[in-house]
Structures are given as C-alpha cells and as structure tokens.
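> what follows is a predicted protein model with its sequence.
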Amino acid sequence: MAQVNGVFEDTLQKNVCDSKVLMVGAGGIGCELLKNLVLSGFKDITIIDLDTIDVSNLNRQFLFQKQHVGKSKSACAKEAALRFAPECKIESLHGSIMKDEYNRDWFKQFRIVLNALDNRQARNHVNRMCLAAQVPLVESGTAGYLGQATVIMKNKFECYECNPKPTQKTFPGCTIRNTPSEPIHCIVWAKHLFNQLFGEADPDQDVSPDTEDPEAAAKSDGDNAGAEEEKKPEGEAKKDGNVERKSTRVWAEENDYNTQKIFSKLFCTDIKYLLTMENLWKNRQDRQPPSPLEWDDLPSSPNVTQASNVTLADQKVWSVAECAKVLDEAITTLKEEAKKGFLEWDKDDLPALNFVTACANIRMYIFNIKQKSRFEVKSMAGNIIPAIATTNAVIAGCIVMEALKILSNQMDRCKTVYLRTQPNARGKILVTERLEPPNPKCIVCRDDPEANVKLNMSTFTLKMFEEKILKGALNMVAPDAELAGKGTILISSDPDDRDEQMLSKPLSDFCQDGAMLSCDDFLQNYNLKVFLWHADSLDDGKEFLVAGDKEKLQPKAEEAAKEEEKKDEDDDEICEIEVDATATNGDRKRPHEEENGASSKKPKLDSAAGDEEVQEVSAPPREVTSADLKRKMEEDDGVVCIE
Ligand SMILES: [Zn+2]
C-alpha cells in the first residue's frame, strides 16, 4: 500500500496525498477505482454519479449491498470507502456531470479527472470540459472481457473526439418499416412500436409503412402518384400538406389500446398497404411478399419446427395465436403503467419483453422470417454484452497507474492500455499503445475548430439542425448558432429567445450552400464554425454527413477505396478482430457501450521500441495468425465488439 511509507518515492507520495481528484461514475469501473484510489493513498476525492443502485449491479459493484438498492451510487460508494479509509476526504455528488454548475472553473479545481463512465454522451462532455479546463483526463471503458484506459490532455495527446467513432449500427428505416428480412429487423420494429405506444415517441422510429421508400417510388411517380396518396394507411398524412400527422400513440389512445384493433391495423391493414407498393415485391428473388393476418384466423403453430420436449417458456417459439394472447396481456399491463409517464423499454421487464417478443414474432411470421424464442429475442433486443467484474478491476487498476504517471510529472510515459481476450504474438492480453498527438483536424480540440456538414438544406429545418447535428452528431448540450457575418441568431439556448416558428423553417430560408454558422456551447466553452454544404440526397439514405475535413464528405465509393487501402496496411500490424456482431447484438443503438462501453477505436499496438513491441515474430507460446484469431473469436462468442 502506498500509505506505507517508501512504496512511492516521496514527491509522488506527497502528490498522491495532496491532489484533489474527480471520479466521474461510481458503477462497475467506479467501485473498483474508488477502492484503488483510497488504498493507493489518495485523500481528496470527489465522486459524481447520477444513478441509483439497481439489484442487478450487486454482482460486481462490490461497494454496494442489498440494503443499498434504490439509493445514490455516489453516496453509498463514499460511505463504503470511508469504512476502510476513514482518513479520506470524499465528497459525493448525486447528479449529472452535464449540469451547468459543473463548469470550467469547477473542473479546474481538480488535478486529474478519472472517467468511469458508461456512455458516449457523458464521455464527450467530460472530454470537452477537461480540454477547456486544461486538466488531464484518464478515460476508460470495458465491454465484456475487453477494456481500455487512456490519457487525454489538451495540446498534448489525442482527445476523446479526435477520431470520429464509427457510426452506430442502425438499419435503414425502409428495411425496418417495409421490407424486413432478418429477425433483428422485426425486433427493432417492435421496440420502436413499444416506444410509439408507451414511451417517448421518436419520429425516426415510425412503424407504419414508409411511403417514401426509394425502391417503391421507382415507378410510382407519374399517374399513379395520386392513387398512392389515396391509399395511404390510417394515421398517415400528406407530407407536403399541413395535416397534422396522427401519432400511433394518439391513435391507440383513441382506440383504448384495444389489442384486436392494434393487431388489425399493424398486421393486416398496414401489411395490405405494403402489398400495394408493388415495386417492393415484383420480380424479387430475395424476398417474398408479406401475408396479412386476420385476427379471427390466427395460425396455431410457429413457422419453425421445434423439439417437442422444449418446456422452458423462454425457449419455446410461440405460434401467432400464442403471440396474440401474450400481446393482449402485455398491452393490458403496459397501458396502465404508461398512465404514470413514458415507459422505457427494458429487457428485464417481463411485460415489455413479452410485448416485443410477440410483436416481433407476428411480424416475422408475416414476412416469412424464421421465428425466435423469447430468450433469443431478449438477447438480440437487449444488446447484451455481459459486464464482467474482473475486466472492470483490471481497467480500474490501469487508470490508477496512468494517474500515478501524471502525478510523477511523467506524462510522456502515459499509454493507452488495452485488455483483450486473445493473447498477442507475445502471449499477452494486456497491451499498450503509445499516445498520439492531437488530430490537427479534430473538430473539438484544435484551435478554432471547424466542421463540415452535408445535408439537404431545403428539407433540414433549424430544429433538426439543432437536434440532429449540434446536439446529436456534435455532442453539444445547449447550443447557440449564429449566421456568421450577418449576426442573425438562428438557434438560441435561452428558452426566452427561442422562436419555435423560425425553428421549423428549413436552413435554405436563411443561408445558402457553403454558408458558415458560428456555433457554440457556453458550458463546454466550445466554439465551432460549421460549414453547410447542400446535397439533394446522400448515400444509403443517410440524412447528413459531418466531418472535420471537407474531403471526408466525398462520395462513399472513393472513401471505401481509401479505407480498403488503409486496411491492407494495418493487417500485418496487428491481429485485427472484426466480427459482425449484428446478428447477436440487436440494433446496437449504443454498440458495445451498454455498460462502461469501450471506445471503439481500433486497437493499434505500440510499434515503437518498448516493452510491448508487437512487430516481433519470435516464437510466441503458440503461433496464431490474424485469420485464426478472427475465426476463434467468432466461434467463441458472437458478441465480440472491437472493430
Ligand atoms: Zn481532439
């Protein structure tokens, strides 16, 4: 223990003892980290976490016990740590690190910030705050058996946002709404439906047929257009008209959440409508047209054969008739719960899981997709990557080791540490990579940062720009935007200055192709110039592209060619692991970030001379090629998530 004199040299021991540190997150990594900090001799620690303790945390968040369920994580963690380190000064804060009271000056009081977070949004924010306050940040993450810790410092090392994170795996809206071909498409649809009916409805999660599907539209403009419009399903309104679109929820409420009516709309009327979009089904080898289902005539066996001895409810695949019964029960329960407020889909909430399992399975049947058991649906929908106590423990140890280097004024020795599941050529699973200097094109940490955004300026409204670009892609919390040169305020974070009518107008009403907006987030001390570039449409039906470098906005084919080149170069450098985890990972709304998510930056090992040289090919314990590794990983667990 460092508290025993002589373990650390005197200056370091004094620095450890005197430095005030901030720990963000008191969950899986946080519990381990707090224990490590106090046992290493840290005496002045502030802990912040917005969460309360859930019973499912207790298997690894060892500072908490059964009697703490429902209580604040940060307060309980403090209490537990003081029991074995009573001499420490620990302050616990229960709340979000993104609140305005935790501003730049507040961050400046800390010598080091240590992240033990579980989501990208908070990581982005803390990254910006530490850059603004010029405080070193030790960032960390784990996902299953994988983990990493790294150090971020303004003007010295890469920041958390220097490398754009791969966009999270999503499916094109028209696949989900019109032409599902995999079970996961139906599961994602069912989760969207859950949100539409009981949760906070998201316009991007529409579940009705997508009349704008480019595949369907291929031939239907022309004389048929009028007819198409006529046949639009209930709740649908003309896009260009002023008719207020009736939300699925309003529709369901008006019908008192009657299961039979919901069933008939979703699984009969809407499906019949899809069949009228002939281009989706004509001359297609890869898909069959769906079959609408009538409530009075429900199939009594599933479309898969299953062993007769399957007795566990979780493993049995339900027939459509069984699904309908389960659906009715689930709706009865959920509609009552929803009266108290928006529900959030939770795989561990049985009615919510039953709802999704039933709806997804009915849809799978309709689209001739092999049905799935509740157990399978749960793992696909729940995006389950197990949280593993030992991984958290290893990474929490690494965080403290990096913090100690910073406190010894040896920041140059800091590294990124990766914990991997397979040994490298030297038989090690804990490997390091040198820290890179900041990316000169980073849209966050460079001086006077700039971003380029490509979108359709005549359909993208100011409000969409605020939500999807500034808050979404650019991770601002409370953005303001002004048209450079003219001083026109387009978006204001001050509720009193907001003009909702103006916000609903398209960007093209205010500026032209190539326009520059000066955007800022006061709390993050972040100012960004955003250049807008118009495009009628983008590859893959994407709504927008954001890049620091304008060249990155080029068409996908060129980009892909470059990527390919890069890959070839990388291949002999490391054993790269690429597993398409889509099949088992659900819609991966937050891919591999479900718990203490790791950054998905591809591990690239330190090739400089050092204790972890990876170019070396001398007799490893067992020769493994990259191909072997890939295969092995795929066999082992379908949920590996480094890419
Ligand atoms: Zn950066």
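On my side now, so go ahead. Numbering: from 1, shown residues only.
> which SSE is Leu532 in?
Assigned by DSSP states H and E, Leu532 falls within strand 526-534.
> following that strand, which helix or strand comes up?
Next along the chain from strand 526-534, counting by DSSP H and E, comes strand 544-547.
> who are the packing partners of that following strand?
Counting contacts by 3 or more Cβ pairs under 8 Å, 6 or more residues apart in numbering; DSSP states H and E, strand 544-547 packs against strand 450-455. For glycine as for every other residue, the C-beta is placed from the backbone atoms N, C-alpha and C.
> returning to what we had before: can you list the buried residues in the strand holding Leu532?
Of the residues in strand 526-534, Tyr526, Leu528, Lys529, Val530, Phe531, Leu532, Trp533, His534 count as buried by neighbour count, 16 or more other Cβ atoms under 10 Å.
> what about that strand, average pLDDT?
Mean per-residue pLDDT for strand 526-534: 94.
> all numbers from here: first residue = 4
Will do, 4 is the new start, and the previous item becomes strand 529-537.
> for that strand, packing partners?
So strand 529-537, by 3+ Cβ pairs under 8 Å, 6+ apart, packs with strand 453-458, strand 519-524.
> tell me the secondary structure at Glu485.
Under DSSP: H, G, I helix; E, B strand; the rest coil, the three-state class of Glu485 is strand.
> now it: how far from the ion?
According to Cβ to the ion, to the nearest Å, Glu485 stands 24 Å off from the ion.
> got a list of what Phe87 touches?
Contacts for Phe87 (Cβ atoms under 8 Å, 6 or more residues apart in numbering) come out as Val41, Leu42.
> distance of it relative to the ion?
From Phe87 to the ion the distance is 38 Å (Cβ to the ion).
> which phi and psi does that residue have?
When quoted as degrees, to the nearest 10, the phi and psi of Phe87 stand at phi -110, psi 0.
> check it and give its pLDDT.
In the prediction, the pLDDT value recorded for Phe87 is 92.
> any idea how far it is from Gly344?
Distance of Phe87 to Gly344, computed by Cβ to Cβ, to the nearest Å: 40 Å.
> give me the helices and strands touching the strand or helix carrying Ala255, please.
Under the criterion of DSSP H and E, Ala255 resides in helix 251-257. Packed against helix 251-257 by the contact rule (3+ Cβ pairs under 8 Å, 6+ apart) you find helix 186-201.
> what comes up buried for the helix holding Ala255?
Thr251, Arg252, Trp254, Ala255.
> how about stretch 257-271?
For stretch 257-271, using 16+ other Cβ under 10 Å, the buried residues are Tyr260, Thr262, Lys264, Ile265, Phe266, Ser267, Lys268, Leu269, Phe270, Cys271.
> correct me if wrong: the fourth one contacts Glu257.
No: between Ile265 and Glu257 there is no contact under Cβ atoms under 8 Å: 11.5 Å.
> the domain parsing of this protein - what is it?
184-371, 453-551 (automatic domain parsing).
> ok so, going back, pull the most distant pair out of the buried residues of helix 251-257.
Spanning the widest gap among the buried residues of helix 251-257 are Arg252 and Trp254, at 7.1 Å by Cβ to Cβ.
> least reliable of the domains of the chain going by mean pLDDT?
For these, the stretch scoring lowest in mean pLDDT is domain 184-371; its value is a mean of 82.
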